[in-house]
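>>> Here is a sequence with its predicted model. Questions after.
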Number of protein chains: 2
Amino acid sequence: MKTYTYPKSQAMFERAAAVIPGGIYGHLGPSNGCFIPTSAYPFFAERAEGAYLYDIDGNRFIDYMCAYGPNVLGYHHPEVDQAAQAQRELADCTTLPTPLMVELAELLVDTVTSADWAFFAKNGGDVTSLAIMSARAATGRKKIIKFKGGYHGVAPWTQSYGNPGVLLEEVDEVITLAFNDLEALEQTIKQYPGQIAGVIATPYHHPALADNALPVEGFWAGVRSLCTQEDIVLIIDDVRCGFRLSLQGSDAYYGFEADLICFCKALANGYNISALCGKQHLKGAVSSVFYTGSYWLSAVPMAAAIKTIEILKKIDGPKLMRERGLQLIDGLQQAAEAAGFHLHVTGEPAMWNMRLSDDESGILHQKWVAECVRRGVFFTNHHNLFINTAITPEDVDHTIEVAREAFAVLQAERR
Amino acid sequence: MKTYTYPKSQAMFERAAAVIPGGIYGHLGPSNGCFIPTSAYPFFAERAEGAYLYDIDGNRFIDYMCAYGPNVLGYHHPEVDQAAQAQRELADCTTLPTPLMVELAELLVDTVTSADWAFFAKNGGDVTSLAIMSARAATGRKKIIKFKGGYHGVAPWTQSYGNPGVLLEEVDEVITLAFNDLEALEQTIKQYPGQIAGVIATPYHHPALADNALPVEGFWAGVRSLCTQEDIVLIIDDVRCGFRLSLQGSDAYYGFEADLICFCKALANGYNISALCGKQHLKGAVSSVFYTGSYWLSAVPMAAAIKTIEILKKIDGPKLMRERGLQLIDGLQQAAEAAGFHLHVTGEPAMWNMRLSDDESGILHQKWVAECVRRGVFFTNHHNLFINTAITPEDVDHTIEVAREAFAVLQAERR
C-alpha cells in the first residue's frame, strides 16, 4: 500500500506559523500533541466529501475524527447543504431572527426528552457557560461540581488554575470529582450544604489521553436523585455525544433526565450552531442571564440543523453509527490479535476510544496510528474517534485492511 | 405614507415564547428594551437584500441596524456569497483547516496596522476574552481596566456583580473607569503598581442607552504611553467599529497602535467569524492560552472574510459609509429643526448615535423612532445605528422623507 507524504501541508504550515499563533491552534493543531508523530499527518484540507477528507497534497483519508464531531451525516451532505443554501437565498444574519429559530426550537422540544425549550448560540462553550450561569442564577448558589478530565470548553471556569490566563478566583468555586464516584459526590454535597448550584458532566466519560468510561450501574440514578433532593441543577454536556447515541438526548439514552442539556457538534452537520435545552422550571433563570452574540440568531445553520435532525431520524442515525462502530471495533481488535497485539477499546461504539495495551507508554499505539494515517485512515491517538453515517461497510473493511498492514509494520519492527 | 402592522410577527412571537427563553433573547429580542414601543417593530425576518430587510408580514425596511453590525456591504452580497459558496463546494468544517486560514491571516497582517498575526474564533466575546487571558498570561498580572458602559461581550468578566449568574470573584479583578478620563487611568495605574495586566476599550465610546463619545485630544496618545511605560497590554475592542472607520483598524484611525485588536461583526459581511490580531511580542502569550472551538477553523466564513475585505478596499467602504452617514445625519437634523425639534448626534457618522434632546426622558425620541419604523425605516432608540455600503443616496433621501413625516406626527400630537 502506498504511504503518504505531505510536502504541501508542511510548506503551508511554515506560512501559517508566520502569521498565526501556533501555526494552527487548538484541537486542530499539530503543535499541541494532537498529531503525533507530526510527520504522519496532513495539516491542511483541500476538500471533503462524505466520509472522506482530501488534503492539499491530494491524499485521501477515511476521516474518523469527523471534524472532532460535527461531521455526522458525511461532509458536504447534499440535502443539508441544499436546505442551507435555500435559506441563504432568503436571509442569514440579519437584524431579526427568522421563523426557522422557532421551528428548530419546536423540533428539539419534540425530539429531546429533557427539552421544554431551546436557546441557540455558536460554541459548545457558549452553552455550557450559560448552563452554569443559569444554575447559579436559579439557585443563588456559587459552587459547581464537574468531573476530572471532562471537557466543557475553554472558558476559565472549565480550566485549571495554573493554565495560562486563568485566575484562581475564576475556578475557586468549581469542585472536581472522579466520574462514576457517587459516594464522593454525596460526600461533597454534604460537605457544602445548600452551596452547590449545579453538577455538570458528559453523559459518559470521554477525556482526552485516557481510557473512556461508561456510567456504572446506578451512577446516573444516584446523581439524579441527589440533585433532585438538594435542588441542584443537573447539567449534561452532550456537545460531543449528542445525536450520536440517541436523538432523545444522551441522558435519555442512559435512562435519566437532565435539567439542562448542551448540544453543539452533531446538531447541524458542521454548520455553526449550538443549543442549550432544558426543563420548564429553568426557563426563567436562563432568560435572566445577560447572554447574546453577533451571529447567534443566523438562519442558515438553523435550516441545516432542522434538516440534519430530520435525516438522522429518518435513517436512525444513532443505530447505524453504533452498528458501524461495532463492526469496525471488532475488525480492528481481530486484526490486532492476529498480529499478536491487544487493542483496548472503551467508550460507545459510535465514538469509540482505543489504545494498544501492549505498551503502557503509548508509543507503540502512536506508531500504529501513524502507519494507519500514512495509509489513508485518519485516526488520532489522544482522543476518541467518531463514526458518521456516510461511512460504508466497505470503508470499514478497507480501514481494517489498512490496520492490518499497519500492524505488520509494527510486527516487522518487533522482530 | 402607509404605516405597517405586524400580525404575523406577533403570532410567531407567541409561538417563540412557548419554546425559547424570552421568546427572542439577547440583543435581537423585543423583551429586553431593544424595541420600544414593541408594537412598532417586526420580530421576524422573511428575507434580506442589500440595504433592505423584509419581515414576515411583507413589510420592507431600510435597515439601519445592519444585524447590529455584520451587514457592511449589504445583505446577500452576490460576490461574497459566491466566494463562500465556491468554498462550500470544497470544504467548510472538517478535521483540518484549509489554506484560506493562512490567506486570511496574511491579508489581515497586510491590512491592519497593529496586526503581526491573526487568530480566528466565532464570537466577538471569544476574542475579547482571549485578549484578556493573553494579557494576564503575558504579564503574570491579574487586573484588567475597562471603561464604564463599554461592551465586550457576555462572559462574566465583562459583566457586573449583581447580574444573574455572575460571581463577585469573576469580576473582582476588573476595574471600571470613565472613558476619556486619562487622569483616572493614570491614578489607577499608580494605585496598583505592577498589577495591571491590560486595558481594554472600544476605539471610541459607544455605550447603549447613552450619548456616544469620540476620544478627546490626547486621550489615546496618553493611554498608549502609560501602557508602554508600565508594560500593560493595550487591547482595542474593534468588534463594532472594525472595518467601518478604517481598514487599517480603528486604532490606526485615531492615530495610535494597539497591542491586541479584536474584530468580528463587519469582518465577513454576516458570515460567522471573529479574529484577534496583535503584535509580535504577544504571539507566544496567545498561543500559550488553551483556547479552541468546534467550528473555529471552518473555511466558508474565511472565504467570505477575504472577499469582504477585498471589496471594502476596492470601493473604499469606510469613506463611502462616512459620506453616506454625514448625508443622512445632516438631512435628519434639518428635518428635526424644520419641525421644531433638535436631534443630538454623537459618535462616528458610519455608526452614529442620535436622540431628540427636546425631552430628556427619551420618550419623545422613542415615539419618533417608532413612527419611522412603522414607515419602513428600521432604527432603534437605545443603540448606535449603522451604515452599510449598499445604502444609496436615494435610500437616504427616502429615510429623510420618512423622518419628516414622523416629525409631523410628533408635531400634531404636540399641538
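Thanks, I have the structure now.

>>> just so I have it, where are all the strands in chain A?
A:45-49, A:52-55, A:60-63, A:117-121, A:143-147, A:174-177, A:196-201, A:233-237, A:260-263, A:274-278, A:343-346, A:353-356, A:377-378 (DSSP state E).

>>> would you list the ones you listed in CSV and tack on mean pLDDT and distance to chain B?
No exception for glycine: its C-beta is placed from N, CA and C like everyone else's. Formatted as CSV, those follow (pLDDT from 0 to 100; distance: least, CB to the nearest CB, whole Å):
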stretch, mean pLDDT, distance to chain B
strand A:45-49, 98, 4
strand A:52-55, 98, 6
strand A:60-63, 98, 5
strand A:117-121, 98, 5
strand A:143-147, 98, 10
strand A:174-177, 98, 11
strand A:196-201, 98, 9
strand A:233-237, 98, 11
strand A:260-263, 98, 11
strand A:274-278, 98, 8
strand A:343-346, 98, 21
strand A:353-356, 98, 17
strand A:377-378, 98, 6
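
>>> For B:Glu360, find the nearest of those.
Proximity to B:Glu360 (CB to CB) singles out strand A:117-121 among the strands of chain A, at 36.2 Å.

>>> Would you mind getting the angle between the closest one and strand A:274-278?
Using axes from the mean of the first three to the mean of the last three CA atoms, to 10 degrees, the direction of strand A:117-121 lies 160 degrees away from that of strand A:274-278.

>>> still on that earlier bit, can I get the strands of chain A in a markdown table including mean neighbour count?
Rendered in a markdown table, the data for the strands of chain A read as follows (neighbours: other CB atoms under 10 Å in any protein chain shown):
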| stretch | mean neighbour count |
| --- | --- |
| strand A:45-49 | 22 |
| strand A:52-55 | 23 |
| strand A:60-63 | 22 |
| strand A:117-121 | 26 |
| strand A:143-147 | 23 |
| strand A:174-177 | 18 |
| strand A:196-201 | 26 |
| strand A:233-237 | 29 |
| strand A:260-263 | 30 |
| strand A:274-278 | 29 |
| strand A:343-346 | 18 |
| strand A:353-356 | 22 |
| strand A:377-378 | 23 |
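
>>> contacting residues around A:Ala207?
For the record, residue A:207 is Pro, not Ala. Counting by CB atoms under 8 Å, 6 or more residues apart in numbering or on different chains, A:Pro207 touches A:Lys148, A:Gly149, A:Gly150, A:Tyr151.

>>> Can you report phi and psi for it?
phi -70, psi 160 (degrees, to the nearest 10).

>>> What's the separation between it and chain B?
14 Å (CB to the nearest CB, to the nearest Å).

>>> Give me the local confidence score for that residue.
Residue-level confidence at A:Pro207 comes out at 95, pLDDT.

>>> Please pull out the lowest mean pLDDT helix or strand from chain A.
Least confident helix or strand, chain A: helix A:168-171 with a mean of 94, by mean pLDDT, DSSP states H and E.

>>> Mind listing what's buried along it?
A:Glu169, A:Glu170, A:Val171 (16 or more other CB atoms under 10 Å in any protein chain shown).

>>> Show me the contact partners of stretch A:297-305.
With CB under 8 Å, 6+ apart, stretch A:297-305 has contacts from A:80-81, A:83-84, A:86-88, A:90-94, A:96-98, A:100-101, A:103-104, A:120, A:267-273, A:275, B:24, B:26, B:28, B:45, B:270, B:272.

>>> So which of those belong to helices?
Members of the contacts of stretch A:297-305 lying in helices (criterion: DSSP state H): A:Val80, A:Asp81, A:Ala83, A:Ala84, A:Ala86, A:Gln87, A:Arg88, A:Leu90, A:Leu100, A:Met101, A:Glu103, A:Leu104.

>>> What about chain B: which of those touch it?
Applying CB under 8 Å from any CB of the partner chain to these, one finds that A:Asp81, A:Arg88, A:Leu90, A:Met101 fall near chain B.

>>> Quick check, pLDDT for the last one.
Reading off the per-residue confidence, A:Met101 sits at a pLDDT of 98.

>>> residues contacting it?
A:Phe120, A:Leu297, A:Ala299, A:Met302, B:Ala16, B:Ile20, B:Ile24.

>>> Verify the contact between the first one and A:Ile273 for me.
Same thing as A:Phe120. Yes. Using CB atoms under 8 Å, A:Phe120 and A:Ile273 qualify as a contacting pair, with a distance of 6.0 Å.

>>> any idea how far chain B is from the spatially most central residue of chain A?
Nearest residue to the geometric centre of chain A (CA atoms, centre = their mean): A:Arg240, 2.4 Å. According to CB to the nearest CB, A:Arg240 stands 9 Å off from chain B.

>>> Taking the stretch 201-350 of chain A, what residue is nearest to chain B?
A:Thr292 (2.6 Å; CB to the nearest CB).

>>> Skipping adjacent residues, who's closest to that residue in space?
In this structure, A:Thr292 finds its nearest non-sequential neighbour in B:Gly26, 2.6 Å apart by CB to CB, 6 or more residues apart in numbering or on different chains.

>>> try A:Ile175
A:Ile145 (4.9 Å).

>>> Let me see the contact set for the one you found.
Contacts of A:Ile145 by CB under 8 Å, 6+ apart are A:Val174, A:Ile175, A:Thr176, A:Leu177, A:Leu185, A:Thr188, A:Ile189, A:Ile196, A:Gly198, A:Val199, A:Ile200.

>>> got these as a markdown table, with distance to A:Ser361 columns?
Listed next are the contacts of A:Ile145 as a markdown table, based on distance: CB to CB, whole Å:
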| residue | distance to A:Ser361 |
| --- | --- |
| A:Val174 | 32 |
| A:Ile175 | 32 |
| A:Thr176 | 26 |
| A:Leu177 | 28 |
| A:Leu185 | 33 |
| A:Thr188 | 34 |
| A:Ile189 | 38 |
| A:Ile196 | 39 |
| A:Gly198 | 38 |
| A:Val199 | 35 |
| A:Ile200 | 32 |
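
>>> nearest to A:Ala390, of those?
A:Ile200 (31.6 Å).

>>> Now restrict the contacts of stretch A:297-305 to buried residues only.
Buried among those by 16+ other CB under 10 Å: A:80-81, A:83-84, A:87-88, A:90-94, A:96-98, A:100-101, A:103-104, A:120, A:267-273, A:275, B:24, B:26, B:28, B:45, B:270, B:272.

>>> Surely A:Ile387 is in contact with A:Gly347?
No. The criterion here is CB under 8 Å, and A:Ile387 misses it with A:Gly347 at 11.4 Å.

>>> Compare those two (neighbour count), which wins?
A:Ile387 (30 against 21; other CB atoms under 10 Å in any protein chain shown).

>>> Just give the nearest non-adjacent residue to that one, would you?
Nearest to A:Ile387 is A:Met321, by CB to CB, 6+ apart, at 4.3 Å.

>>> I'd guessed that neighbour sits against A:Phe243; true?
No. In this structure, A:Met321 is not within contact of A:Phe243 by CB under 8 Å, at 9.5 Å.

>>> can you list residues touching both of these two?
Contacts common to A:Met321 and A:Phe243, judged by CB under 8 Å, 6+ apart, are A:Val72.

>>> So for those two, which residue has more residues nearby?
A count of neighbours by other CB under 10 Å puts A:Phe243 above the other of A:Met321 and A:Phe243, at 31 against 25.

>>> sorry, back to before: JSON lines for the strands of chain A, including distance to B:Leu343?
Putting the strands of chain A into JSON lines (distance: least, CB to CB, whole Å) gives the following:
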{"stretch": "strand A:45-49", "distance to B:Leu343": "52"}
{"stretch": "strand A:52-55", "distance to B:Leu343": "56"}
{"stretch": "strand A:60-63", "distance to B:Leu343": "57"}
{"stretch": "strand A:117-121", "distance to B:Leu343": "36"}
{"stretch": "strand A:143-147", "distance to B:Leu343": "48"}
{"stretch": "strand A:174-177", "distance to B:Leu343": "50"}
{"stretch": "strand A:196-201", "distance to B:Leu343": "47"}
{"stretch": "strand A:233-237", "distance to B:Leu343": "48"}
{"stretch": "strand A:260-263", "distance to B:Leu343": "45"}
{"stretch": "strand A:274-278", "distance to B:Leu343": "41"}
{"stretch": "strand A:343-346", "distance to B:Leu343": "66"}
{"stretch": "strand A:353-356", "distance to B:Leu343": "63"}
{"stretch": "strand A:377-378", "distance to B:Leu343": "60"}
